[in-house]
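A.B. asks: Quick one: sequence plus predicted model below, questions after.
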Amino acid sequence: MCKTITMTIQTFEEMKVWQKAKELSIITYKIFSTSKDYGFRDQIQRAAVSVMNNIAEGFERKGNKELSRFLYISKGSCGEVRSMLQLGLELEYISKNDFNHMHSLSIEISKMLAGFIRAL
């Protein structure tokens with residue numbers, strides 16, 4: 001792990017990107033909790049949780065190479081969330097306002113992940 005990162009961050013819970021990913025997961029669970037399309041609901045919830053969990057798992061591996069690999073997986077899951085959001089909007093499973101909020105949050109997370117990967 002980068003020396004500058006390990007000096008300031010001791011746990012993945014301290015990472016702003018993980019906190020944002022957790023927020024995305026919570027919002028996803030709340031918005032889609034009543035969806036009757038169980039396959040859709042399960043897929044988007046799993047993708048959202050994958051974003052935060054891969055950040056955590058990569059951090060706990062304690063090596064730049066492993067962390068980078070898991071951050072790429074997390075970034076991919078973030079793209080999956082956005083793809084599912086587009087489908088959810090078209091199927092009218094989500095309001096335009098909720099879509100906009102979740103979409104912009106996922107873009108922010110993707111940018112943070114890209115920056116983190118570059119820093120490694």
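C.D. replies: Here it is on my side, so go on. Numbering: from 1, shown residues only.
A.B. asks: Can you point out the buried residues in stretch 62-75?
C.D. replies: 67-71, 73-75 (16 or more other Cβ atoms under 10 Å). The C-beta positions use only the backbone N, C-alpha and C, and glycine is treated the same way.
A.B. asks: Same question for stretch 113-120.
C.D. replies: 113, 116-117.
A.B. asks: Nearest to K30 among the residues you listed?
C.D. replies: Nearest to K30 among the buried residues of stretch 113-120, counting by Cβ to Cβ, is L113 at 22.9 Å.
A.B. asks: Could you check how far A114 is from G76?
C.D. replies: 12 Å (Cβ to Cβ, to the nearest Å).
A.B. asks: In this structure, mark out all the helices, start to finish.
C.D. replies: All helices of the chain, identified by DSSP state H, fall at 3-8, 16-32, 38-60, 64-90, 96-119.
A.B. asks: so what secondary structure elements neighbour the third one?
C.D. replies: For helix 38-60, the elements it packs on are helix 16-32, helix 64-90, judged by 3 or more Cβ pairs under 8 Å, 6 or more residues apart in numbering; DSSP states H and E.
A.B. asks: What average pLDDT does that helix get?
C.D. replies: Average pLDDT, helix 38-60: 97.
A.B. asks: just to revisit the earlier point, now the buried residues of stretch 62-75 in a markdown table, with distance to F40 and pLDDT?
C.D. replies: Below are the buried residues of stretch 62-75 laid out as a markdown table (distance: Cβ to Cβ, whole Å; pLDDT from 0 to 100):
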| residue | distance to F40 | pLDDT |
| --- | --- | --- |
| L67 | 31 | 94 |
| S68 | 31 | 95 |
| R69 | 28 | 96 |
| F70 | 26 | 97 |
| L71 | 26 | 97 |
| I73 | 22 | 98 |
| S74 | 21 | 98 |
| K75 | 22 | 98 |
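A.B. asks: Tabulate these (TSV), appending distance to T11.
C.D. replies: Formatted as TSV, the buried residues of stretch 62-75 follow (distance: Cβ to Cβ, whole Å):
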residue	distance to T11
L67	14
S68	19
R69	20
F70	15
L71	16
I73	20
S74	17
K75	21
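A.B. asks: Show me which of these is closest to N53.
C.D. replies: Distances from N53 to those, taken by Cβ to Cβ, are shortest for S74, at 8.1 Å.
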